[in-house]
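**Q** structure for the following, please:
(one chain, ligands or ions: 2)
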Amino acid sequence: MATRVRPGNKRCAVIGGSGFLGRHLVEKLLDRGYSVSVFDIRQSYELPGVVFHMGDLCDKQALLTALKDVSLVFHCASPFPGSDDRALFERVNIQGTQTVILACIEAGVQKLVLTSSASVVYEGTDIKNGREDLPYAKKPIDYYTATKIQQEKLVLEACDQQKGFLTVAIRPHGIFGPRDPQLVPILVDTARRGKMKFIIGDGSNLVDFTFVENVVHGHILAAETLKSNSPICGKPYHITNDEPVRFWDFMSEVLVGLGYAAPRYHLPYALVYGLALLLWLLTLVLRPFVSFKPTFTPMRVALAGTHHYYSCERAKEDMGYKPVVSLKEGIARTVQSYPHLRRGA
Ligand SMILES: NC(=O)C1=CN([C@@H]2O[C@H](COP(=O)(O)OP(=O)(O)OC[C@H]3O[C@@H](n4cnc5c(N)ncnc54)[C@H](OP(=O)(O)O)[C@@H]3O)[C@@H](O)[C@H]2O)C=CC1
Ligand SMILES: CC(C)=CCC[C@@H](C)[C@H]1CC[C@H]2C3=C(CC[C@]12C)[C@@]1(C)CCC(=O)C[C@@H]1CC3
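**A** Ligands and ions are numbered 1, 2, ... in the order given. Sure, this is the predicted structure:
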C-alpha cells in the first residue's frame, strides 16, 4: 500500500536513464543535488551517486524496487522510433506506461514527468508556431507516434490532486546534442553514401531542433514547478530551442561542421514525396520475398520538407522556461563531440 514519500525528498528515478536524453537528465540532476536511481533495460555508464536498476518497465515488481523512497519520477524510456515492431511499441509505450503509473501510485511517488513528443499533433503537413491546444493527430506519422499519443493521454489523465499524485508531459522536438544516436549519425551515414546532395522543396521550411540541455532544463523546471494547484498539473508543454530554423540550413551547418558538403540541388517536394510513397508501396508488395529499408520514407520526406515548429509560450508563462543554450552554441558543441563522424575519420 502507498506510504507517501516525504515531500522535499531529493531522491528521484529516471526510467530510461541509460538513453541519450535520460543520461543528460541524470547528469544535470546530480549537479542540482538530487540522488538518482536509473531504471532501464540496459546500463550504459557508471556515475557516482547513481544507483542502477536493470529491468523492463512492464515489470511492476522490478519498478517497485527501484521506486522505493522516491518522490519524483521521470519517464523517458521508449523503444527506438525507427523500429517497425508495432507490438513492442504497444507493449512498452502503452501497457508499460500504465504499469509505470500504477507502480508510482503504489510506491507513494508524488510527481511523474513524462517525456512525450511534439509530434503527437503532426500529420505530415505544415505546423507553424503550434500551441499545445492543437488536437492530437488523427493520422500520426508512424506507429511509434500513435503510441506516444496514447502514452501522453494515460499520464495526463492519471493526474489526481486529491490523491497527491501529480503529472505533467514535456513535448520536445528534434532533440540533438552530444551522444545522440540518431539525428547526426543518420545524417552522416546519408552523406557518406553520397545521398545528401538534394534539398527537398525550396528549402524555406522552418523546423524546431532542440539542444538536449534545453530539454533537460524543461524537465527539471516542470518537476520543480509541479505542486498542488500549480497550473501545470495534468498538462502538456512544448519545450524547444524557441529558434525555428530552416531544416536544410540546420542540416547544412552540421554537415559542413563535420567536413561534408552541404546539399545544393533542389527537387520538388511533391515529386520526392510521390517517389517515396511508391518505394514504400513497393517494399510492402515485395516484403514476402525481399526485405529492405529505404532512406526516403514518406514520413522522412514530410519531416524534411514541411514546416513543423511549436510555440513554448505556455512553458514560459507557467514555469518560466527559457532555453539555456542557443542553437548556434548547441550545434558547435554537437559537431565538436563527434570526432569519429568527421569526413575522413
Ligand atoms: N530523440 C528525439 O529527438 C526525441 C525523443 N523523444 C522522446 O524522448 C524520450 C527519450 O528519447 P531518447 O533519449 O532519444 O531515446 P533512447 O533510445 O536514447 O533512450 C531510451 C532508453 O529507454 C530504454 N528502454 C527501452 N525500452 C525499455 C523498457 N521496456 N524498459 C526500460 N527501459 C527501456 C532504452 O533501451 P534500449 O536502447 O536498449 O532500447 C534506452 O536506454 C523517449 O520517450 C522519446 O520518445 C521525443 C521527441 C524527440
Ligand atoms: C525535427 C525532427 C523531428 C527531427 C527528427 C530527426 C529525424 C527524423 C531526421 C534527422 C536526420 C533527418 C534526415 C532526413 C529525414 C529526417 C531525419 C531522419 C532525410 C532522410 C530526408 C531526405 C534526405 O534528403 C536525406 C535526409 C537525411 C537526414
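
**Q** and the residue of the stretch 1-150 of the chain found nearest ligand 2, what does it touch?
**A** Ranking the residues of the stretch 1-150 of the chain by distance to ligand 2 (C-beta to the nearest ligand atom) places Ser119 first, at 6.3 Å. Any C-beta I mention is one placed from the backbone N, CA and C, and that applies to glycine too. Residues in contact with Ser119 (C-beta atoms under 8 Å, 6 or more residues apart in numbering) are 137, 140-141, 145, 148, 173, 308.

**Q** please apply the same query to Leu183.
**A** Leu183 neighbours (C-beta under 8 Å, 6+ apart): 174-176, 209.

**Q** farthest pair within those residues?
**A** Maximum pairwise distance among those (C-beta to C-beta): 8.0 Å, between Ile175 and Phe209.

**Q** Arg23 - that's part of a helix, no?
**A** Yes: under DSSP: H, G, I helix; E, B strand; the rest coil, Arg23 falls within a helix.

**Q** list the contacts for it?
**A** Going by C-beta under 8 Å, 6+ apart, Arg23 touches 17, 44-45, 179.

**Q** circling back: can you add secondary structure and give the contacts of Ser119 back as CSV?
**A** Below are the contacts of Ser119 laid out as CSV (three-state DSSP):
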residue, secondary structure
Ala137, coil
Pro140, coil
Ile141, coil
Thr145, helix
Lys148, helix
His173, coil
His308, strand
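
**Q** just give me the least confident of those residues.
**A** Ranked by pLDDT, these bottom out at Ile141, which scores 93.

**Q** who are the contact partners of that one?
**A** Counting by C-beta under 8 Å, 6+ apart, Ile141 has contacts 119, 122-124, 299, 302-303.

**Q** between the residues you listed, which sits nearest Pro268?
**A** Nearest member of these to Pro268, counting by C-beta to C-beta, is Ala302, at 14.2 Å.

**Q** mind checking the SS state of that closest one?
**A** helix.

**Q** pLDDT wise, what is it at?
**A** So Ala302 comes in at 96 (pLDDT).

**Q** still on that earlier bit, just the buried ones from the contacts of Ser119, in PyMOL syntax?
**A** To isolate the buried subset of the contacts of Ser119 in PyMOL, counting by 16 or more other C-beta atoms under 10 Å, use the following:
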select buried, resi 137+140+141+145+148+173+308
